[in-house]
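>>> Below are the sequence and a predicted model; questions follow.
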Amino acid sequence: MPNPHELQHIERPKLVTTLRQWGSVSTGGILDKNCLIYTDTSIPGLIGYRLVGNIAVVLGDPVTSPEQKSELALSFQKFCSTQTLDFIYIIASEEFALWAQHYLSSVLIEFGTTLFLNPCNNPFNNSGAQFKPLRKKVHNCLHKGVIVKEYIGYNLNIERSISEIVTSWQGGRKGPQIHLCQPTPFIDKEGKRWFYAEQNGNIIGSLILNELKKDKSWLLNNVMIKEGSPNGLSELLIISALNVLEIEGCTSVTIGPVPRNQLGKITGLNGFLTLITHAIYKGSKYFFNLGGHEIFWEKFQPRTEGSYLIFPQKNLNYNTIKAIINSLYSD
C-alpha cells in the first residue's frame, strides 16, 4: 500500500488557513502531527484522518465549502477503495451525517453534542434562576482577586506561564482518558486568541479560541486551570472571553464535541445491536471518564446540535470501534 504521507501533501500555512476558513470542532485534531491529509486537486479543501491498520478514521466533516462537502466525501471514498481502506467518520455534523446515511449507506450514532453560545446574549447577564450558580461561581473568583486578560503582542514570560498551565493541566487529569489532540497553545498562531487568569501576579488559568470563519464563530478549546485554583475559575475565564467577543459584536462561540450522558439517535441498526451499542458506550463513558462535561456546560444554557459517528456501508464492528479508540489520544 502506498504511504498516505506520500500521496497527499499540503504546506502547513495553507493547511492552517484552510482550517480557519472551513474548519469546525475537529480543527485541533486535524492540525495534530498524527493526522494525515487527503486533498483532491479539483476540489478546494481537505479531509483529515488518522490511519489505524486499514481503517481511516476521519475527523469531522470534509473541510470545504458546504456546497462541496458531498463531492469531496465521494472523492475520499474512491481514494479509500483504491487503497483497500475502510473508513469511518467521527465528530460529524448532523447535516453531513444525514447525507451519509443515504449516499454512503451509513449507520449513524449520535454520541455527543456541539454547543453554541451567543456572546451578545451573555448568560452571566441573564437574571433567570438557572443562571444563579454561574453568577455565584464568577463572583467567588472575582472576590478572591482573580482578573482575566487577553494576551496580545509578544511576551515570552506570559507564553511560558501559559504553556506551564497546559502541562500542569495535562498531568493533573485523573484516570484513563481519551481526547482528540494534545494542546499546543503557541503553535499555528494564525487565527488564535489567548485569555489568561491572574491572581496575585501569578497566572493560574488559560483559555484558547480558534477562528471559524465560515460560521463567523470562535472555537473554544480546553479551559485549563492550575490545581488548587479558586472555585469558579473556569466559568470566569469563559465569561470574560464572552464579554470581549460581545463588545466586538460576535454572535457565536462553538464548543465541542461534548460527550452525551447517553447516546442519542441511532439509525441503521436493529434493536439488538442498538442495545449492545448503548452498553458499549456506557462502559466506555465510565472507563474513560467521559461524564460530567454536559453538566458543566448546562449552566451556560447553550444551543445544541448533534455530533455523530458515521459507519459507511454499515461497517460497525469490533475493528471499527477499536480503531476509533486507538485513533484518539489516551492517558
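Arrived safely. Numbers count the residues shown, from 1 in each chain.
>>> Verify the assumption that G48 is located in a helix.
No: going by DSSP: H, G, I helix; E, B strand; the rest coil, the assignment for G48 is strand, not a helix.
>>> contacting residues around it?
The neighbours of G48, taking CB atoms under 8 Å, 6 or more residues apart in numbering as the test, are 26, 29-30, 35-38, 58-60, 63. The way it works is simple: take the backbone N, C-alpha and C, and place the C-beta from them, glycine included.
>>> If we only consider those residues, which is nearest to Y89?
Nearest to Y89, judged by CB to CB, of the contacts of G48 is V58 at 4.5 Å.
>>> Please report phi then psi for that closest one.
Main-chain dihedrals, V58, degrees, to the nearest 10: phi -80, psi 130.
>>> Bridging across strands, which residues link to it?
When bridges are called by DSSP bridges, V58 pairs up with Y49, Y89.
>>> Quick one: residues contacting it.
Shown here is V58, whose contacts under the criterion CB under 8 Å, 6+ apart are 47-49, 76, 87-90, 92.
>>> Strands of the stretch 1-150 of the chain, start to end?
For the stretch 1-150 of the chain, the strands identified by DSSP state E, counting those that start in this stretch occupy 36-40, 43-52, 55-59, 86-93, 107-117, 147-151, in order along the chain.
>>> so how far is the third one off the chain centroid?
Looking back up the chat, that one is strand 55-59. Counting by CA atoms, centre = their mean, to the nearest Å, strand 55-59 is centred 15 Å from the centre of its parent chain.
>>> wait, what's in contact with E190?
Under the criterion of CB under 8 Å, 6+ apart, the neighbours of E190 are 13, 16-17, 20.
>>> switch to 6 Å and redo it
By CB atoms under 6 Å, 6 or more residues apart in numbering, E190 lies in contact with V16.
>>> And T84, how far from D32?
Remark: distance between T84 and D32 (CB to CB, to the nearest Å) = 25 Å.
>>> now F186
Spatial separation of F186 from D32 under the definition CB to CB is 15 Å.
>>> where along this structure do the helices fall?
In chain order, the chain shows helices spanning 4-7, 12-22, 27-31, 69-82, 94-103, 132-143, 156-172, 233-247, 271-287, 293-298, 318-327, with DSSP state H as the criterion.
>>> Could I get the average pLDDT for the shortest one?
Translated: helix 4-7. Averaged over helix 4-7, pLDDT sits at 42.
>>> Same check on the fifth one?
Taken as a whole, helix 94-103 has an average pLDDT of 96.
>>> go on, stretch 35-47?
The average pLDDT within stretch 35-47 is 95.
>>> now the stretch 151-300 of the chain, which segments are flagged as low pLDDT?
Using pLDDT under 70 as the threshold, the predicted model of the stretch 151-300 of the chain has low-confidence ranges 172-178, 288-289, 291.
>>> V146: which of the contacts of G48 is nearest?
Nearest to V146, judged by CB to CB, of the contacts of G48 is G29 at 31.0 Å.
>>> and that closest one, what does it touch?
Counted by CB under 6 Å, 6+ apart, G29 has contacts 59, 180-181.
>>> neighbour-wise, which of those leads?
For the contacts of G29, counting by other CB atoms under 10 Å, the largest number of neighbours falls to L59: 27 neighbours.
>>> correct me, but that one touches I30?
Yes: with contact defined as CB atoms under 6 Å, L59 reaches I30; the gap is 5.5 Å.
>>> Grab the nearest non-local neighbour of N243.
Setting aside the residues directly before and after it, N243 is nearest to N122 in space (CB to CB, 6 or more residues apart in numbering), at 6.7 Å.
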